[in-house]
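# Got a sequence here, can you model it:
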Amino acid sequence: MVKERKLGKLLVAALAAQMLFAAPIQASTLDKIQKQEQSKQNEISEIEVLVTDKLTSVNNKKAEVEELNAQIEDVEGQKTETLAEIEEQKALIAARKEQLEERLVALQTSSSTNSRMLMLMEAENFGDFLNLLLILGQLQSADNDRIELAIEEEQKLEDLETQLSEEIALIEEKSLLVDAESEILARELGSLQQILNENQAELEKIMADKTAEENRLAEVAKAEKVAAEKAAKEKAEADKIAAEKAASDKLAAENAAAEEAERIAAEEAAKTELVVETETETEVVENTVVQNISAPVVTETPAPSGRQVTVNATAYSRNQPSLSNHTFTGIDLRENPMVIAVDPSVIPLWSLVEIPGYGIYLAGDTGSAIIGNRIDIHMENLDSAWAFGRRQLTVTILN
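Model prediction:
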């Protein structure tokens, strides 16, 4: 009986020790998961800033390439016009040379030469002779001057053609350099996006672990509460049984004493012997309950491949009344404005999406009205968002 009571006390003490020390250990596990979650969220925020900066750089390079291509097209147009002018000038020079040759031939075969000589001979004085000779020379040199001027104009046009060709070559060289820089930026952006996707997947796993740990702790606390209530109930029952046994033993002792007195009196009176003996035993058995809890399994969804999608596009701004500065995924639009809202079943969250005429955006938001092939483009300027209206676009999912 004493041995069973000691065993019961040991079980109660062990249960109390488990309740005292298990909670801090479990709380420490949850605290560790929460720190991991906060650290991963901070890391994702830093990567999102880098992605936004890289997106801005990529779009700026694209705009620079488009401007260079426009310059090339403009200069090539000037070059085409210059070549046409050169051909016209060459035709003019050829015509004037032809006229001069015809005039020289005419002078050699015509009697006009004799007429000019006769005109000089008929000069009244030497001064008139010189004046007439000067006039004839000026008439002759006028044709030569016009030809020389046409040749000079042709040379200027040829020099301009050379200059334009050199300018086109420089712009094309610069365009190739900018294209190379754009490719490098695109690769860097792709790497950052891959890192962001991986970190997002890790964060989702951490959050799932956190939920599982919170559920487990709740189950453990519930089990501990049930065990404590059961232990208290069993202790109360044991105390009650012990009290009843003590009362029974006391009553039995009193009865035995009375019977003994009666026996002695009876022996003295009738020389008889009467013995009454009563004994009661009670056994208490305590059981413990062990409950196993398993964590849910988290699966990861593979990333989709790139493709083009035709969508109906609208625009919104965080500056609209009643709208938040943060997206559904937690992106701060004040720091990362280049975000679009999508239907994740059509365009997966965290994808990079190129929008014609606007650049590359991050699929980082959703909306109750964004269902199917629809996107909502965030714009920092509220007037631009209102002016955008509704358009049908073909966008490219880069990853």
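
# where along the stretch 251-399 of the chain do the helices fall?
Chain-ordered helices for the stretch 251-399 of the chain, with DSSP state H, counting those that start in this stretch as the definition, fall at 382-388.

# Helix or strand for residue 77, just tell me which one.
When secondary structure is defined by DSSP states H and E, residue 77 falls within helix 2-109.

# Next: residue 129.
Secondary structure assigned from DSSP H and E places residue 129 in helix 126-270.

# Check the average confidence over that helix, would you?
The average pLDDT within helix 126-270 is 82.

# now for it, which elements pack on it?
Taking 3 or more Cβ pairs under 8 Å, 6 or more residues apart in numbering; DSSP states H and E as the contact definition, the neighbouring helices and strands of helix 126-270 are helix 2-109, helix 112-121, strand 352-355. C-betas here are computed from N, CA, C, even on glycine.

# for the protein, which strand is longest?
The longest strand of the chain (DSSP state E) is strand 307-316.

# mind checking how far that strand is from the chain centre?
Taking Cα atoms, centre = their mean, to the nearest Å, one finds the center of strand 307-316 at 17 Å from the center of the full chain.

# Stretch 381-399: which residues count as buried?
Neighbour-count burial for stretch 381-399, with 16 or more other Cβ atoms under 10 Å as criterion, is recorded at 382, 385, 388, 395, 397, 399.

# Compute the first-to-last residue distance for that stretch.
Taking Cα to Cα, to the nearest Å, the span from the opening residue of stretch 381-399 to its closing residue is 28 Å.

# Report how many residues lie close to residue 377.
23 (other Cβ atoms under 10 Å).

# who's in contact with residue 56?
Contact partners of residue 56, counting by Cβ atoms under 8 Å, 6 or more residues apart in numbering, are residue 338.

# follow-up on the earlier one: between the helices and strands packed on helix 126-270, which has the poorest average model confidence?
Out of the helices and strands packed on helix 126-270, the stretch the model trusts least by mean pLDDT is helix 112-121, with a mean of 58.

# pretty sure residue 172 contacts residue 72?
Yes - applying Cβ atoms under 8 Å as the test, residue 172 and residue 72 come out as touching, 6.3 Å apart.

# ok, and for the longest strand of the chain, which residues are buried?
Buried positions in strand 307-316, judged by neighbour count with 16+ other Cβ under 10 Å: 311, 313-316.

# Kindly export it (C-alpha atoms) in PDB.
Taking only C-alpha atoms (Å, rounded to 0.1, in the frame of the first residue of the first chain), the coordinates of strand 307-316 have been written out as PDB:
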ATOM      1  CA  ARG A 307       5.100  32.800 -72.900                       C
ATOM      2  CA  GLN A 308       3.100  35.600 -74.500                       C
ATOM      3  CA  VAL A 309      -0.400  36.300 -73.300                       C
ATOM      4  CA  THR A 310      -3.100  38.700 -74.700                       C
ATOM      5  CA  VAL A 311      -4.800  40.500 -71.900                       C
ATOM      6  CA  ASN A 312      -7.200  43.300 -71.200                       C
ATOM      7  CA  ALA A 313      -5.200  45.900 -69.300                       C
ATOM      8  CA  THR A 314      -6.300  48.700 -66.900                       C
ATOM      9  CA  ALA A 315      -4.300  50.900 -64.500                       C
ATOM     10  CA  TYR A 316      -4.400  51.900 -60.900                       C
END
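
# Let me know the average pLDDT across it.
Rounded to a whole number, the mean pLDDT of strand 307-316 is 96.

# Who does it pair with, and is each partner parallel or antiparallel?
Sheet pairing here is set by DSSP bridges, and for strand 307-316 it gives strand 374-378 (parallel), strand 391-397 (antiparallel).

# one step back: quick one: which two of the buried residues of strand 307-316 are the most distant?
311 and 316 (14.8 Å; Cβ to Cβ).

# tell me the contacts of residue 360?
By Cβ under 8 Å, 6+ apart, the contact list for residue 360 reads 55, 58-59, 189, 338, 352-354, 398.

# give me that answer again for 7 Å
For residue 360, the contact set (Cβ atoms under 7 Å, 6 or more residues apart in numbering) comprises 55, 58-59, 352, 354, 398.

# same question, residue 388
With Cβ under 7 Å, 6+ apart, residue 388 has these contacts: 314-315, 379.

# Reformat those as TSV; add distance to residue 258.
What follows is the contacts of residue 388, written out as TSV (distance: Cβ to Cβ, whole Å):
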residue	distance to residue 258
314	101
315	102
379	103
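
# quick check, nearest of the residues you listed to residue 233?
residue 314 (64.0 Å).

# was I right about the closest one contacting residue 376?
Yes - with contacts defined as Cβ atoms under 7 Å, residue 314 counts as touching residue 376 at a distance of 5.2 Å.

# For residue 386, give its distance to residue 320.
From residue 386 over to residue 320 the distance is 9 Å, taken as Cβ to Cβ, to the nearest Å.

# Hmm, I typed the wrong one, I wanted residue 201.
Look at residue 201 and residue 320: by Cβ to Cβ, they are 32 Å apart.

# For these two, work out which one has more neighbours and name it.
When residue 201 is set against residue 320 and neighbours are counted by other Cβ under 10 Å, the residue ahead is residue 201, at 15 against 10.

# okay, now the nearest residue to residue 367 once chain neighbours are set aside: neighbour count?
Spatial nearest neighbour of residue 367, excluding adjacent residues (Cβ to Cβ, 6 or more residues apart in numbering): residue 341 at 4.7 Å. By other Cβ under 10 Å, the residues close to residue 341 number 22.

# What's the separation between residue 341 and residue 351?
Here residue 341 is placed at a distance of 12 Å from residue 351 (Cβ to Cβ).

# follow-up on the earlier one: of all the strands paired with strand 307-316, which one comes closest to residue 205?
Proximity of these to residue 205 was assessed by Cβ to Cβ; the nearest stretch is strand 391-397, lying at 24.1 Å.
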